[in-house]
Structures are given as structure tokens and as C-alpha cells.
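Enquirer: Just to be clear, the model below is a prediction. Sequence and coordinates:
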Amino acid sequence: MNIFSSTNFKPFSKQMFRIALPIAFSGMIMQVQMLIDTAFLARYTTSLPDGTILSGSEILSAVGNVFFPYIVTIALIWSIGTGVVVLVSQFLGAGKPNDARRYALTGLKYNSLLSWLVYLLWFFFAEEIFTALGVHESIRILSLEYIRFLSLELLYLGVSTSINSIFQGTGNTRPEMYTGIFRSLLHILLDYVLIFGNFGFPELGVAGAGMASSISGLASTLIMLVIFMKTASLPFKVGMKSLLTAPFRPYLTVLKIGLPVGIEDMLWNSGNLVLAYFLNLLSAEAVGIYRLVFQIEITPIFFYQGLARAVTTLVGLHTGERDLPAARESGLIGTFYTVLFCIIFTGTFAAIPGQIISIFTPDVQLIEKAAPFLVITAFTMIPRAVNIISGNGIRGYGDTLWMLITQIFGIVFIISLSYVLMFPLGMGMYGLFIGMFSDETIRCIINTIRFYRGETSITHKAILTEEETAGSV
């Protein structure tokens, strides 16, 4: 398929970037906020009750040990929103806005309840989780302090992620951009104030970082909720009464499509937990090095994740219209722009890794240790990006089970290979990063073939008949 000679190239590109750019811009601003957060914590030192002084790298390890298990739990909430995106986009493509509205409100209501359950998990079992991961005792004290305040965002996370999914399903991602920028800027300000105790506030350290995240997230969620209830840009009307009375049965369909994505993301992040456990076996600072490289590496991911989410929406719309060639073409155009973008970042990361890392930490030894891993990660970027685009195209078809299957394979593969390379073969952290490159490359090939073959067997799977969707909100 020659996309450059296609009459759809320009209109599809315009439509794709209209959806992707607000997501990408919001994500990049959020990543800047996360990197500044990392830089603040890397420059912060604190002492424990027994007088032990913890340096910036050890504080990063404490935050890193929170980051990976926490992402495992909230990935379920984030990813079930994919079911809302697919259903809303496909029903709108099929000319059924009332059905799109039904699933949108049902997803919003019950995803909110789900996020409260996840909060209770962290409230009661945080210490047990960190102990099971083998977190060193001195680090665990700070990890518990951080998660106590960070986890408060779970009380509203279901609301924010579901509203973003509804807007994405309709092709309107600007509200996500506006509220995302507001949240990130407020988060940076609160980090500066609460971590170091500026402007007369108490010095709270890692607890201040957790509070900054929860407070800024709450403020942006309230703004997003107002926009959602008042906007005239949605193709259907919403109201508080219809939201509160949304029935549970349609949520089963949201779960049918979104739950495999949630389990897939949880498995991927669970794999990171196992890898974090391997790193803790190496040294206390290994997790901090990994988190630092990870934070830098995901900067470009926010751009092509915007394209990937646009691919999900457009493939869903074209699938609802029963136009599979256009759905496949949307995926190919998304892949073209993603690879072009990643080539630039791969070259930059590989050419000057030390200079890039030095932006975020003044620790010369940490820079020297992390630089080689950023180079390996740079070359992992392209297969990972193509894998993400193809995977989101497959989800746009309505087939989320396939991606779960390949993720199960990926988890077994990367854990097994990384363990062998890290310990029996004695490669240490190099073994982990080589394992990641191998996993992303293999799954990139498998999922790309799967998408471009054209999944005629699963076409319109998410488009239900009127009898199956009987009832209204």
C-alpha cells in the first residue's frame, strides 16, 4: 500500500494530528513535569530517624520502588478506558450516538467505583507490597511516606481517565490537553514549594512530591468534569442524573473490550516489578538508575502515544463504517510518522547520552553509570514505537484479546531472558536492557503482521445489534 499516492493521505494525516497533537503536547508537558520532579528529588537529601543520611540516588530508588507497583494497579483503571474509546468511536462510526452515550456514561460511573477499590488496596497493604518486592528497609520508609499521599489521586482517577476516554472516542482531545497542561504546571509549582519548603511552607521531601501529585490532579479533574458536563462539542448530551442512574449491564461490554487491555498493562507493569526485584538484588541504587533512564526514555513516547491513541480512534471509526482498507491505512500513516519521529530521538540519545542525563542529576558517578543504558534504550525506541502503533490499531478493530496473548508471551520471554543475562551470564543491568530490546523487537514484528493482514475475522466485533444494546440511560 503506497500511502503517499493515496487520496486519503492528507485528510487522514490532518484528522490524525488533530487528535494526536493535543495528547502529545499534554503528555510532553506532563513528562517535563515528571523530569523536573525527578531532578528535584535527585538534588534532595534527607535523614532517617536513626540518623542515616539518604542521598538523591537513594531517594530516587525509594520513589522508583513506588512507581512500578503503583503503575501496575492504576494501569487497570487507565486501560479499561480503552473499552470506552473503542465502543464510543465504533458506535459513532456506525451512526449510533445514543449507544455511544450509553457506554460512555456507564464506563465513567463504574470506572470511578473501581478506582476507589484500588485506593483501599494501597491504604491497607502498602507495606506488605514493598516488603514482598524486597525493598531495603531504609528505602521502604520513604516509599511508604510517598505512597501515603500519592495514592489519594485514586479517589478521582476513574473520573479523569474515563472522561478523557470519552473525548478521545469522539475525536476531541483538546480538553485533555488544557487540563493536562494546568495539572503539570501546578504540579511543578507545588513540587518546588512542598519538597524544599519554599515560600514559608514546611519542608516535606518525598511526602511533598506525593502531595503535589494528588492536589494538582484533583484540581485538573474538577475542571475536566465541568467541561464534560457543560460542553456542546459532544455528539450526545450528558447530565448528572443520567450519569448517576447509568445501569451496570453495559459495563460488562466495556469490561469485555477494556479488561484484556487492563490485564495486558498490568502484566507489562508486573514484569517491570519482577525486573525491579532483579535490580534490587544487584544493588540499592540500581532501581534509581533504571528509573532515571526510564523517565528520560519515555519523553518521546508521549508523542507517538498520541499518534497511537489517534490510530485507535480512527481505526474504530472506520471499522464502525465497515471500511477496513481505510482502517488499515490509518495505521500505516500513524506508523510512518512515528518511525520518522523516533529516528530523531534515537540519534540524539545515542550521540550525547551523558549530556542528556546531566540535565537531571549533578551526580557524576550516576551519569557515568546510566549513560550506556540510555544508548541501548535509544535503539529500543523504534521497535517499541511500531509495536505500540500496531497494537492500538488491533484494539481499534475491537480485538483486545490478541494483544493480551502477545503480552503474556512477552512477559515470560523478557523475565526469562533478563534473568539469564543478568545473573548466570553475569551481565548485570546490561542483561536487563538487552532483554527489553529483544522483547520489543519480536513483538513489534508479530503485532505489525497481525494488523496489516487485516483482521476480517474480528471486524465489527464491538458493534452490537440493537437487541444486544436495548435500554437507555
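Expert: The structure has been received and is ready for your questions. Just so it is clear, the structure is predicted and the values come from calculations on it, not from any experiment.

Enquirer: List the residues that contact the nearest residue to I181 once chain neighbours are set aside.
Expert: Nearest residue to I181, sequence neighbours excluded (Cβ to Cβ, 6 or more residues apart in numbering): I29, at 5.1 Å. Backbone N, C-alpha and C define where each C-beta goes, glycine included. Residues in contact with I29, defined by Cβ atoms under 8 Å, 6 or more residues apart in numbering, are 180-181, 184-185.

Enquirer: buried sites along stretch 216-232?
Expert: 216-221, 223-225, 227-228 (16 or more other Cβ atoms under 10 Å).

Enquirer: Next: stretch 189-208.
Expert: By 16+ other Cβ under 10 Å, the buried positions in stretch 189-208 come out as 190-196, 204-208.

Enquirer: mind listing which of the residues you listed are in helices?
Expert: Those of the buried residues of stretch 189-208 mapping onto helices are 190-196, 206-208, per DSSP state H.

Enquirer: quick one: which of the contacts of I29 is nearest to V364?
Expert: The shortest approach to V364 among these belongs to S184, at 29.4 Å (Cβ to Cβ).

Enquirer: Does the closest one touch V32 like I think?
Expert: Yes - S184 lies in contact with V32 (Cβ atoms under 8 Å); the separation is 6.9 Å.

Enquirer: So if I had to pick from the two, which one is more boxed in?
Expert: Higher neighbour count among S184 and V32: S184, with 23 against 15, using other Cβ atoms under 10 Å.

Enquirer: and the helix or strand hosting the more buried one, average pLDDT?
Expert: Here S184 sits within helix 174-196, counting by DSSP states H and E. On average, the pLDDT along helix 174-196 is 93.

Enquirer: cool, and stretch 108-118?
Expert: Rounded mean pLDDT across stretch 108-118 is 94.

Enquirer: which parts of it are buried?
Expert: 108-112, 114-115, 118.

Enquirer: now, which of those sits nearest I74?
Expert: Using Cβ to Cβ, the buried residues of stretch 108-118 come closest to I74 at V118, 6.6 Å.

Enquirer: low pLDDT regions in this structure?
Expert: 1-2, 47-52, 54-55, 57, 454-473 (pLDDT under 70).

Enquirer: try 50
Expert: 456-460, 462, 464-473 (pLDDT under 50).

Enquirer: if you go through it in chain order, where are the strands?
Expert: Secondary structure of the chain (DSSP state E): strands at 46-47, 53-54.

Enquirer: show me where the stretch 151-300 of the chain has helices.
Expert: Along the stretch 151-300 of the chain, counting by DSSP state H, counting those that start in this stretch, helices occupy 154-169, 174-196, 206-230, 240-244, 249-282, 286-297.

Enquirer: Nearest approach to I388 belongs to which of those helices?
Expert: The closest approach between I388 and any of those, judged by Cβ to Cβ, belongs to helix 249-282 at 11.3 Å.

Enquirer: quick one: buried residues of that closest one?
Expert: Within helix 249-282, the residues scored as buried using 16+ other Cβ under 10 Å are 250-251, 253-280, 282.

Enquirer: picking that back up, packing partners for the helix holding S184?
Expert: helix 9-42, helix 154-169, helix 206-230 (3 or more Cβ pairs under 8 Å, 6 or more residues apart in numbering; DSSP states H and E).

Enquirer: the inter-axis angle of that helix versus helix 9-42?
Expert: 10 degrees (axes from the mean of the first three to the mean of the last three Cα atoms, to 10 degrees).

Enquirer: Helix 174-196 relative to helix 154-169, how many degrees between them?
Expert: 150 degrees.

Enquirer: Pull the distance from helix 174-196 to the chain's centre.
Expert: With Cα atoms, centre = their mean, to the nearest Å as the basis, helix 174-196 stands 17 Å off its chain's centre.

Enquirer: and if you look at stretch 410-427?
Expert: With Cα atoms, centre = their mean, you get 24 Å for stretch 410-427.

Enquirer: Give the buried residues for that stretch.
Expert: Neighbour-count burial for stretch 410-427 [16+ other Cβ under 10 Å]: 410-411, 413-415, 417-419, 421-422, 427.

Enquirer: so which of those would you say is closest to S358?
Expert: M427 (25.5 Å).

Enquirer: Pull the contacting residues for the closest one.
Expert: For M427, the contact set (Cβ under 8 Å, 6+ apart) comprises 421, 434.

Enquirer: ok so, going back, of the helices and strands packed on helix 174-196, which approaches S61 most closely?
Expert: Nearest of the helices and strands packed on helix 174-196 (Cβ to Cβ): helix 9-42, 10.3 Å.

Enquirer: What separation do you get for L114 and G107?
Expert: 10 Å (Cβ to Cβ, to the nearest Å).

Enquirer: Need the overlap of contacts for those two.
Expert: What both L114 and G107 touch, as defined by Cβ under 8 Å, 6+ apart, is the set I80.

Enquirer: would you turn the buried residues of stretch 108-118 into a markdown table with distance to K237?
Expert: Output for these, formatted as a markdown table (distance: Cβ to Cβ, whole Å):
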| residue | distance to K237 |
| --- | --- |
| L108 | 14 |
| K109 | 16 |
| Y110 | 20 |
| N111 | 20 |
| S112 | 20 |
| L114 | 25 |
| S115 | 25 |
| V118 | 30 |
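
Enquirer: contacting residues around the closest residue to N387 other than its chain neighbours?
Expert: Among residues not flanking N387 along the chain, C444 sits closest, at 4.0 Å (Cβ to Cβ, 6+ apart). For C444, the contact set (Cβ under 8 Å, 6+ apart) comprises 383-384, 386-387, 390.

Enquirer: Rebuild the residues you listed as JSON lines, extending it with distance to E321.
Expert: Formatted as JSON lines, the contacts of C444 follow (distance: Cβ to Cβ, whole Å):
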{"residue": "P383", "distance to E321": "31"}
{"residue": "R384", "distance to E321": "30"}
{"residue": "V386", "distance to E321": "25"}
{"residue": "N387", "distance to E321": "26"}
{"residue": "S390", "distance to E321": "21"}
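
Enquirer: ok, so of the residues you listed, who is nearest I298?
Expert: Relative to I298, the closest of the contacts of C444 is R384; by Cβ to Cβ it sits at 10.1 Å.

Enquirer: and the closest one, how many residues sit next to it?
Expert: Using other Cβ under 10 Å, the number of residues around R384 comes to 22.

Enquirer: That one contacts E440, correct?
Expert: Yes - contact criterion Cβ under 8 Å: R384 and E440 qualify, at 4.4 Å.

Enquirer: V193 contacts P202, correct?
Expert: No - the pair V193 / P202 is not scored as a contact, 9.9 Å apart, by Cβ under 8 Å.

Enquirer: quick check, nearest of the buried residues of stretch 189-208 to T346?
Expert: When those are compared for distance to T346 (Cβ to Cβ), D191 wins out at 29.8 Å.

Enquirer: which residues does the closest one contact?
Expert: Contact partners of D191, counting by Cβ under 8 Å, 6+ apart, are 33, 36-37, 40, 208-209, 212.

Enquirer: Need the residues you listed in a markdown table (columns: distance to V339).
Expert: Listed next are the contacts of D191 as a markdown table, based on distance: Cβ to Cβ, whole Å:
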| residue | distance to V339 |
| --- | --- |
| Q33 | 27 |
| I36 | 29 |
| D37 | 30 |
| F40 | 34 |
| G208 | 40 |
| A209 | 35 |
| A212 | 36 |
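
Enquirer: got the angle between the lengthiest helix in the chain and helix 249-282?
Expert: Counting by DSSP H, the longest helix found in the chain is helix 56-93. Orientation note: helix 56-93 sits at an angle of 160 degrees relative to helix 249-282 (the same axes, to 10 degrees).
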